[in-house]
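3D, please:
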Amino acid sequence: MNNPITSWDNDYARLARAASQLRTTSSTNSTFSNDQRQGQASSIQTGVNRLDAQLNALEGNLTMTPAEIGRRRNLLDGLRGQLGSSGASQPGYGRGGESSTAAALRQQDDMIDELAV
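Okay, here's the model as predicted:
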């Protein structure tokens, strides 16, 4: 049987990768249409909401320490921020161009590494 914490971690990693792909793919250099980008963003948001509900359940069951719950909430907030700035509704890069994308990818990698500890 799957450990709910491990399952949460694995689901988060999958969503983080999908958000990264969405964020780094502009409509000018990909085969994704704007509708496909919107659908992917919606799917990722649904996954984030599901992880949030699972986190609430883990917190209610006292399965995790408050520090771990807070850390995972910060990870989810980071994903929500990526979705908000992914350009899903506005194709192309954010206002910082590729340098902000690279910085966001580094931040995401750091967050994933922190989760793996």
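
can you give me the helices for the chain?
Shown for the chain, the helices assigned by DSSP state H span residues 4-24, 34-60, 66-84, 97-116.

and those helices, which one's lowest on average pLDDT?
Among these, helix 97-116 has the lowest mean pLDDT, at a mean of 72.

got the angle between that helix and helix 66-84?
On the basis of axes from the mean of the first three to the mean of the last three CA atoms, to 10 degrees, helix 97-116 is oriented at 160 degrees to helix 66-84.

follow-up on the earlier one: can I get the helices of the chain in CSV with mean neighbour count?
For glycine as for every other residue, the C-beta is placed from the backbone atoms N, C-alpha and C. Putting those into CSV (neighbours: other CB atoms under 10 Å) gives the following:
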stretch, mean neighbour count
helix 4-24, 17
helix 34-60, 15
helix 66-84, 16
helix 97-116, 13
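
residues contacting stretch 60-79, please?
Counting contacts by CB atoms under 8 Å, 6 or more residues apart in numbering, the residues outside stretch 60-79 that touch it are 4-5, 8, 12, 15-16, 19, 44, 48, 51-52, 55, 58-59, 107-108, 111, 114-115.

distance of residue 76 from residue 35?
Spatial separation of residue 76 from residue 35 under the definition CB to CB, to the nearest Å is 26 Å.

what of residue 73?
Counting by CB to CB, the gap from residue 73 to residue 35 is 31 Å.

same check, this time on residue 59
With CB to CB as the criterion, residue 59 and residue 35 are 36 Å apart.

OK, contacts around residue 4?
Contacts of residue 4 were listed using CB under 8 Å, 6+ apart, and they are 54, 57-58, 63.

please apply the same query to residue 14.
Contacts for residue 14 (CB under 8 Å, 6+ apart) come out as residue 47.
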